[in-house]
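> Have a look at this fold, sequence not included:
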Ligand code: IYR
């Protein structure tokens, strides 16, 4: 197999800011991303055409191991497919909350008020099933192993969550476990691993979220200077 030639180009579209501008931008970004909340009460309103694709394009710019982009985002908007996902996810969650989850896990979930009922899977207009690909296929049909797959998929999903937030949509990261049923519904091959379901849309009027003031760890706890 021929290797791709190593080609460099001048760094395109880079912008450096003055120190003042940089700080202002960093603080503004923080203020905006800090408004993001995980929402469980979704309105049934559809999202405007093109918005999901625009957000997915942003996710697709994420860095990844050897730039192999080991992700696939399956968009589920069909109401019957969302209803089926809800049924199958709730069946798993009933087992989880009904005995499969260790007590310590249920204890840390208690403040979130989650349970086996997942109406948002039907109410929200968009579900994105995020799949991780441990290998891919080159244009010539040969197989290429992927590296740092969970890291890369996590980074791209973070971009996607930020893109949805930036566009004024709310999201919920849902992880029914196991969730192999997503392969069949999304018609993805068995070697792709479903990592999570991102629920996206608008909050229901009057949507409520857990009280959370101060619950994000302070900088001194999440960081240290070496
Ligand atoms: N998958 C379950 C449990 C759950 C687990 C974690 I970690 C959460 O942050 C929230 C829920 C559920 O979706 O209810």
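Great, that's in hand. All values derive from a computational prediction rather than experimental measurement.
> shouldn't residue 89 be in contact with residue 180?
No. Judged on C-beta atoms under 8 Å, residue 89 makes no contact with residue 180 at a distance of 11.6 Å. For glycine as for every other residue, the C-beta is placed from the backbone atoms N, C-alpha and C.
> Comparing these two, which residue is more hemmed in?
Remark: of residue 89 and residue 180, residue 89 carries more neighbours, 22 against 13, as counted by other C-beta atoms under 10 Å.
> Please tell me how far the more buried one sits from residue 83.
Here residue 89 is placed at a distance of 11 Å from residue 83 (C-beta to C-beta, to the nearest Å).
> Look up the closest residue to residue 70, ignoring the ones flanking it.
For residue 70, ignoring the flanking residues on the chain, the nearest one in space by C-beta to C-beta, 6 or more residues apart in numbering is residue 146 at 3.8 Å.
> neighbours around that neighbour, how many?
19.
> middle-most residue in the protein, spatially?
Against the mean C-alpha coordinate of the chain, by C-alpha atoms, centre = their mean, the closest residue is residue 157 at 3.8 Å.
> Confirm that it sits in a helix.
Yes. Under DSSP: H, G, I helix; E, B strand; the rest coil, residue 157 sits within a helix.
> element containing the residue nearest to it when sequence neighbours are not counted, please.
Nearest in space to residue 157, with sequence neighbours left out and distances taken as C-beta to C-beta, 6+ apart, is residue 130 at 5.5 Å. Using DSSP states H and E, residue 130 maps to strand 126-133.
> Not counting sequence-adjacent ones, nearest residue to residue 62?
Nearest to residue 62 is residue 156, by C-beta to C-beta, 6+ apart, at 3.8 Å.
> Before I go, just wanted to say thanks for your time.
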